[in-house]
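**Q** below is the structure, and that's it, no one-letter string:
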């Protein structure tokens with residue numbers, strides 16, 4: 001059974017920092033390896049959007065709105081990923097979701113339950 005668990009959300013003032021953590025588990029990752037892990041977010045009334053992603057090869061990609069403020073890192077061999085968020089803005093307020101991708105013929109994607117990040121002005 002696959003589990004993806006996020007932690008580290010909370011309430012912070014604008015300009016502050018938070019660090020999110022995510023750990024994935026399940027035999028599918030042991031058998032096929034982890035291809036990529038990423039962070040997405042969904043604000044009330046909006047669609048879920050990509051925040052940052054990191055691949056097993058170390059390639060990273062960021063949304064334009066967070067570039068220079070957020071940093072994704074992790075050890076995909078250990079199925080863990082982190083998101084360091086600095087200079088937070090009220091518009092960063094959202095539920096942040098971690099996802100984990102492996103390739104078994106096609107890409108298999110697994111999601112966590114999400115962690116709330118609230119940035120007050």
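**A** Yes, it's here. This is a predicted model, so every value here is computed, not measured.
**Q** can you tell me, leaving aside adjacent residues, what's nearest to residue 43?
**A** Leaving aside its chain neighbours, residue 43 sits nearest to residue 94 (4.2 Å; criterion: CB to CB, 6 or more residues apart in numbering). The C-beta positions use only the backbone N, C-alpha and C, and glycine is treated the same way.
**Q** strands of the protein, residue ranges please.
**A** 3-7, 10-13, 18-25, 36-42, 49-55, 60-62, 70-75, 80-85, 94-104, 106-111, 115-120 (DSSP state E).
**Q** which residue sits closest to the residue most central in space within the chain, ignoring its sequence neighbours?
**A** Residue closest to the average C-alpha location in the chain (CA atoms, centre = their mean): residue 39, at 2.2 Å. Closest residue to residue 39 apart from its sequence neighbours, by CB to CB, 6+ apart: residue 51 at 4.3 Å.
**Q** same deal with residue 116?
**A** Nearest residue to residue 116 in three dimensions, chain neighbours excluded: residue 9, at 4.9 Å (CB to CB, 6+ apart).
**Q** ok, that neighbour to residue 101 distance?
**A** Noted for residue 9: a distance of 22 Å to residue 101, by CB to CB, to the nearest Å.
**Q** what about stretch 65-82, how long is it end to end?
**A** This stretch, stretch 65-82, spans 18 Å end to end (CA to CA, to the nearest Å).
**Q** run through who's touching it.
**A** 19-25, 29, 34, 36-39, 51-56, 60, 62, 83-88, 91-92, 98, 100 (CB atoms under 8 Å, 6 or more residues apart in numbering).
**Q** try it again with 6 Å
**A** 21-24, 29, 34, 37, 51-52, 54, 56, 60, 83-87 (CB atoms under 6 Å, 6 or more residues apart in numbering).
**Q** now the buried members of the residues you listed.
**A** Buried members of the contacts of stretch 65-82, scored by 16 or more other CB atoms under 10 Å, are 21-24, 29, 34, 37, 51-52, 54, 83, 85.
**Q** want to throw those into JSON lines with distance to residue 14 and pLDDT?
**A** Output for the buried ones among the contacts of stretch 65-82, formatted as JSON lines (distance: CB to CB, whole Å; pLDDT from 0 to 100):
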{"residue": "21", "distance to residue 14": "22", "pLDDT": "98"}
{"residue": "22", "distance to residue 14": "24", "pLDDT": "98"}
{"residue": "23", "distance to residue 14": "29", "pLDDT": "97"}
{"residue": "24", "distance to residue 14": "31", "pLDDT": "97"}
{"residue": "29", "distance to residue 14": "37", "pLDDT": "94"}
{"residue": "34", "distance to residue 14": "34", "pLDDT": "92"}
{"residue": "37", "distance to residue 14": "28", "pLDDT": "98"}
{"residue": "51", "distance to residue 14": "18", "pLDDT": "98"}
{"residue": "52", "distance to residue 14": "20", "pLDDT": "98"}
{"residue": "54", "distance to residue 14": "26", "pLDDT": "98"}
{"residue": "83", "distance to residue 14": "18", "pLDDT": "98"}
{"residue": "85", "distance to residue 14": "12", "pLDDT": "98"}
